[in-house]
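Colleague: Need coordinates for the following:
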Amino acid sequence: MAATMVKLALPHHFFPQFQEPNFRLITKEPIKPTNRAHLGKNYSLCRSKNGNFSTNSENKNGKIKSLIEEFNPEIPIEEAFTPPSSWYTDPDFYSHELNHIFYRGWHPVGYTDQIKEPRDFFTGRLGSIEYVVCRDEEGELHAFHNVCRHHASLVASGTGKSSCFVCPYHGWTYGLDGKLVKATRITGIKNFKANEMGLVPIRVAVWGPFVLVNFEDGATPNGILDNKTVSSEWLGSAAEVLSANGIDSPLDYVCRRVYTLECNWKVFCDNYLDGGYHVPYAHKGLASSLKLGSYSTEMYEKVSIQSCGGNNTGDLEEEFDRLGSKAFYAFVYPNFMINRYGPWMDTNLVLPLGPKKCQVIFDYFLDASLTDNIAFVGKCLEDSERVQVEDTFLCKSVQEGLESPAYNMGRYSPNVEMAMHHFHCLLHRNLTI
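Modeller: So this is what the prediction gives:
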C-alpha cells in the first residue's frame, strides 16, 4: 500500500459497527473478455513455477496463452479465483506484460515542474525503453528514445538543463528538437543522411501536473495533441471526477522518495487495491485516523477510485493534520496511483524491474501555504514513510508466498476487493493473445 493510501473497506465480522461499503461500477466500455471455462485451484502447476512445463513441445506463446487462460474474468467476484502465482513469478509472462501493457497507451513518467523552463530535461526507463523528455529553446515539449543513433550509448542522464545532448561515447550531438547537429569523424562515410539520424521521437503530452508518454509504433510524435483526446485515452470518463477532486489543481512540489521492493509490480498494485482490507492489521496507526465505515469504491474504464472520511477536521491550521476530512485515492491502470488528502497530494508510480522486483516512485505535492512549515512537512513525511516501510514488508512476504508450491490461486473478499478484481480483468484483456 502506498504511504498515503488509506483504503478502508472492512468485513462486517471484524467490525460489525461499520456500514456496508458503497460500491458502484461506472464504465462506458464494459470489459468483454473472451469466454473461459471456470478454473479452480490446480496444484499441478506447482511443477511449473519457473516456467518449465513438462511438455517440451509447447512454444512460448502457447505457454503464455495457457497461463493467461487460468484466470477467468467472466466469473463474478463472489465465485472467482485470483490469477495464478505464475503471473507474478514467470519470466516469460513478465516479458509478455512489458510488450502488451507497458509499451502501449499513455504512461505517466514525470511532472511538469521537471520541464518548466526551456532547456529543462529529465530521463527515465520503463522496461527496456530509455527515454528523455525536454523542452527546446522555444519551450516546445519533446520526448525521445534516449539512445544515440551511432552505437547506442545513452545521450542524457538524470535531470537538469542543457542546450543539447552530447553522446559521451563518440561525441555525436543532438539538438533539443532531436535533430543530429554534429557527427564526429565520419569522413568517407557513404549514403549518410543526417536528417534521418536524429533521436527517435516518442509521443508526449501533459494532463494536469503529469507528463505522459506513449511508446506505440506508428504514433505521430511531437504533433499537436488535443488535451481532451489524451484525457479520454488515459483516464476515460474518470477525468472529470479527478479534476473535481483537485487532482489537476496547482500545488507546490515538495520532494521525491524512491523505494525498491523485492516483489512483482502487481503485488504492490494488489496491495493498493485491496479496499483497505489490510489497514487495521498492518497499519494500526493509520487506521486510527480514518472513518472506516465511510469507505466507498467506484470503478471506471481504466480507473478505480476509493475514498473515505478522515477523523481530522480538515483545518489546514490544525497541527499535523495530514489526512484532513476526506481521503481520495485513484488508481490509473496499469501502475499509477494518485492520493489526495487534506492539503497533500502524492503519486506512486510502480515500475517493473523484473518478474520479482519493482521500483515505486513517490512524488509529494502540498498546498503552497504550508510548504514553509518545516515541522509540519517533516512530520507528515515521517508518517508516510512509516506506512511505506510496513507495506514493503508485506509485499516481500506476499512475493515469497507466491513462490511456494503450496499456493497457486486465492479468492477475493467480494465486498472490499472489487478494485483488485477490476485490475485483474483489465490485465487479462490486455494480455490475451
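Colleague: Count the neighbours of Phe423 for me.
Modeller: 23 (other C-beta atoms under 10 Å). Every C-beta, even on glycine, is put in place using the N, C-alpha and C of the backbone.
Colleague: host element of it?
Modeller: When elements are defined using DSSP states H and E, Phe423 is found to belong to helix 418-431.
Colleague: for that helix, which positions count as buried?
Modeller: For helix 418-431, the neighbour count (16 or more other C-beta atoms under 10 Å) marks 418-428, 430-431 as buried.
Colleague: Repeat that for stretch 170-180.
Modeller: Burial within stretch 170-180, assessed by neighbour count using 16+ other C-beta under 10 Å, is assigned to Trp172, Thr173, Tyr174, Gly175, Leu176, Asp177, Gly178, Leu180.
Colleague: Export these as JSON lines, with columns for distance to Tyr111.
Modeller: Below are these laid out as JSON lines (distance: C-beta to C-beta, whole Å):
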{"residue": "Trp172", "distance to Tyr111": "30"}
{"residue": "Thr173", "distance to Tyr111": "28"}
{"residue": "Tyr174", "distance to Tyr111": "24"}
{"residue": "Gly175", "distance to Tyr111": "24"}
{"residue": "Leu176", "distance to Tyr111": "19"}
{"residue": "Asp177", "distance to Tyr111": "22"}
{"residue": "Gly178", "distance to Tyr111": "22"}
{"residue": "Leu180", "distance to Tyr111": "29"}
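Colleague: Identify, from those, the entry nearest to Pro201.
Modeller: Within the buried residues of stretch 170-180, the smallest distance to Pro201 is 5.8 Å, found for Gly178 (C-beta to C-beta).
Colleague: so who does the closest one touch?
Modeller: When the contact criterion is C-beta atoms under 8 Å, 6 or more residues apart in numbering, the partners of Gly178 are His142, Phe144, Gly198, Leu199, Val200, Pro201.
Colleague: Compute the distance between the residue lying farthest from the centre of the chain and Leu180, please.
Modeller: Here the centre of the chain is the reference, and by C-alpha atoms, centre = their mean the most remote residue is Gly188, at 47.6 Å. Taken as C-beta to C-beta, to the nearest Å, the spacing of Gly188 relative to Leu180 amounts to 18 Å.
Colleague: Equivalent analysis for His142, please.
Modeller: Here His142 is placed at a distance of 14 Å from Leu180 (C-beta to C-beta).
Colleague: With Gly246 instead?
Modeller: 43 Å.
Colleague: thinking again about what came up before, for the residue farthest from the centre of the chain, give me the pLDDT.
Modeller: With respect to pLDDT, Gly188 has a value of 97.
Colleague: in what helix or strand does it lie?
Modeller: Assigned by DSSP H and E, Gly188 falls within no helix or strand.
Colleague: Who does Val303 form a beta bridge with?
Modeller: In this entry, Val303 is beta-bridged to Val332, by DSSP bridges.
Colleague: ok, it touching Trp234?
Modeller: No - if you go by C-beta atoms under 8 Å, Val303 and Trp234 don't touch, sitting 9.0 Å apart.
Colleague: what is in contact with those two at once?
Modeller: Residues touching both Val303 and Trp234 (C-beta under 8 Å, 6+ apart): Val332.
Colleague: centroid residue for the protein?
Modeller: Asn335 (1.9 Å).
Colleague: Looks like that one contacts Thr347 (just checking).
Modeller: No - Asn335 is not in contact with Thr347 according to C-beta under 8 Å; the separation is 11.0 Å.
Colleague: hmm, back to that, look up how far Arg257 lies from the residue nearest to the centre of the chain.
Modeller: The gap separating Asn335 from Arg257 is 17 Å, by C-beta to C-beta.
Colleague: Check Val133 too.
Modeller: Taking C-beta to C-beta as the measure, Val133 falls 21 Å from Arg257.
Colleague: more crowded one of those two?
Modeller: Neighbours per residue, other C-beta under 10 Å: of Val133 and Arg257, the larger number sits with Val133, 25 against 15.
Colleague: still on that earlier bit, what strand or helix carries the closest residue to the residue nearest to the centre of the chain other than its chain neighbours?
Modeller: If the residues on either side of it in the chain are set aside, Asn335 comes closest to Val350, at 4.3 Å by C-beta to C-beta, 6 or more residues apart in numbering. Assigned by DSSP H and E, Val350 belongs to strand 344-354.
Colleague: Mind giving me the packing neighbours of that strand?
Modeller: Applying 3 or more C-beta pairs under 8 Å, 6 or more residues apart in numbering; DSSP states H and E, one finds that strand 344-354 makes contact with helix 91-97, strand 106-111, helix 265-272, strand 336-341, strand 357-366.
Colleague: 6 Å - rerun?
Modeller: Contact analysis of strand 344-354 by 3 or more C-beta pairs under 6 Å, 6 or more residues apart in numbering; DSSP states H and E lists helix 265-272, strand 336-341, strand 357-366 as its packing neighbours.
Colleague: Nearest to Val230 among those would be which one?
Modeller: Using C-beta to C-beta, the nearest of the helices and strands packed on strand 344-354 to Val230 is strand 336-341, at 14.3 Å.
Colleague: and that closest one with strand 357-366, angle?
Modeller: Orientation note: strand 336-341 sits at an angle of 30 degrees relative to strand 357-366 (axes from the mean of the first three to the mean of the last three C-alpha atoms, to 10 degrees).
Colleague: Name the strands paired with strand 336-341 and say parallel or antiparallel.
Modeller: Strand 336-341 has these partner strands in its sheet, going by DSSP bridges: strand 326-332 (antiparallel), strand 344-354 (antiparallel).
Colleague: so how far is Thr173 from Phe362?
Modeller: Phe362 is 35 Å from Thr173, where distance means C-beta to C-beta.
Colleague: One more: Asp217?
Modeller: For Asp217, the distance to Thr173 (C-beta to C-beta) stands at 27 Å.
Colleague: next one: Glu417
Modeller: Using C-beta to C-beta, one obtains 52 Å as the distance from Glu417 to Thr173.
Colleague: wait, what's in contact with Ile101?
Modeller: If you count contacts by C-beta atoms under 6 Å, 6 or more residues apart in numbering, Ile101 has them with Pro334, Asn430.
Colleague: you'd agree it is in a helix?
Modeller: Yes - applying DSSP: H, G, I helix; E, B strand; the rest coil, one finds Ile101 inside a helix.
Colleague: So what would you say the end-to-end distance of stretch 182-200 is?
Modeller: Across its full length, stretch 182-200 reaches 16 Å end to end, with C-alpha to C-alpha, to the nearest Å as the criterion.
Colleague: list the buried ones in that stretch?
Modeller: Neighbour-count burial for stretch 182-200, with 16+ other C-beta under 10 Å as criterion, is recorded at Ala183, Gly198, Leu199.
Colleague: Ala368 touches Asp252, doesn't it?
Modeller: Yes - here Ala368 lies in contact with Asp252, judged by C-beta atoms under 6 Å, at a distance of 4.8 Å.
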